[in-house]
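Participant: build the 3D model from these lines:
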Amino acid sequence: MKSLFKSLSIIAFTFLTVLSCTKDDVEPIGASDKNNVSLEFDNLMGGQKIVLGSTTAKNAAGEDFTVTTLNYFISNVSLKKVDGSTVDFKNQYFLVRQADATTLIQSLKDVPAADYKEVTFTIGVDSVKSVSPVEERTGVLDPAGFSDDGMYWSWNSGYIFMKLEGTSTAVAANAAGLRRYQYHVGGFGGRTSVTPNNLRTVTLSLPSTMTVRKSIAPTIHFVADVTKVFSGTTTLKLADAPVIMSPALATPIANNYKNMFVVDHVHND
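Facilitator: The predicted structure is shown next:
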């Protein structure tokens, strides 16, 4: 009997210890608790890391290509909680530039503590911000602050949502003997009834629950495959149109690159 009592006591003690540890491991959520979420972008060509001007891949049309410039805007991020409610981040804009490693990890600030299951974002700069006074467009949106591969059309008074440039043997050589292609996608609509809207919204399920707490600042790791810019809704051939800068002509590109993003994994640390 003493042996049975001793065994039951040990089991009860173990259960209470495990329960206590479990409770301690789950950080309570305060009403005002917030933290930042890192958005990490890993740009690939197929399964290859992009080395600008060097890595070669084939598009859906079988044409080889390299990438010398890859830039894109991410904005209007929204996170869906496991309970189905959403949190929107309307005034945070990010410019990802493959040439600048510091831009491949962006910080989404002041995310309320909660458990999240889905992320939504826009590729580009929304119409409201695009037409707002210049003094309200600061940081990455400052038209005067861009470098040589800037993302603003002074001639068209609008942002370039995505810029993809490189070389391809499928493209005819120019006067300098270079076989270059240039895809510049913009156009937020709204100016006239015929102005195209090339803003694209992407919604992705998270492969595991993202936990934001006062002491936990997680990371969402995105993978973007640029080969998908050439395929999807429309198969694009560089030989047919190596230079596309008109918003009207760029719509098929926007339709394609909407599908180039996936969430690879989530880090809760």
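Participant: residue 181 against residue 167, yeah?
Facilitator: Yes - between residue 181 and residue 167 there is a contact under Cβ atoms under 8 Å: 7.2 Å. Where C-beta positions appear, they are placed from N, C-alpha and C, glycine not excepted.
Participant: look up how far residue 208 lies from residue 186.
Facilitator: Computed as Cβ to Cβ, to the nearest Å, the residue 186 to residue 208 distance reads 35 Å.
Participant: same deal with residue 41?
Facilitator: 19 Å.
Participant: can you check residue 45 too?
Facilitator: Distance from residue 45 to residue 208, by Cβ to Cβ: 27 Å.
Participant: likewise for residue 119?
Facilitator: 12 Å.
Participant: contacts only, for the one residue sitting closest to the centre of the chain.
Facilitator: Centroid-nearest residue in the chain, with Cα atoms, centre = their mean: residue 74, separated by 5.7 Å. By Cβ atoms under 8 Å, 6 or more residues apart in numbering, the residues touching residue 74 are 39, 41, 93, 94, 95, 96, 106, 121, 122, 123.
Participant: tell me the pLDDT of it.
Facilitator: Residue 74 carries a pLDDT value of 98.
Participant: thought residue 245 was touching residue 198?
Facilitator: No - applying Cβ under 8 Å, one finds residue 245 not in contact with residue 198, separated by 11.9 Å.
Participant: out of those two, which sits in the more crowded spot?
Facilitator: More crowded of residue 245 and residue 198, by other Cβ atoms under 10 Å: residue 198, with 25 against 16.
Participant: look up phi and psi at the more buried one.
Facilitator: phi -100, psi 10 (degrees, to the nearest 10).
Participant: roughly how far apart are it and residue 255?
Facilitator: With Cβ to Cβ as the criterion, residue 198 and residue 255 are 9 Å apart.
Participant: what of residue 188?
Facilitator: 16 Å.
Participant: rewinding a little: between residue 186 and residue 208, who's got more neighbours?
Facilitator: residue 186 (26 against 11).
Participant: what mean pLDDT does stretch 169-187 have?
Facilitator: 96.
Participant: flag every buried residue along it.
Facilitator: Within stretch 169-187, the residues scored as buried using 16 or more other Cβ atoms under 10 Å are 170, 171, 179, 180, 181, 183, 184, 185, 186, 187.
Participant: so which of those residues comes closest to residue 203?
Facilitator: For the buried residues of stretch 169-187, the residue nearest residue 203 by Cβ to Cβ is residue 185; the value is 19.6 Å.
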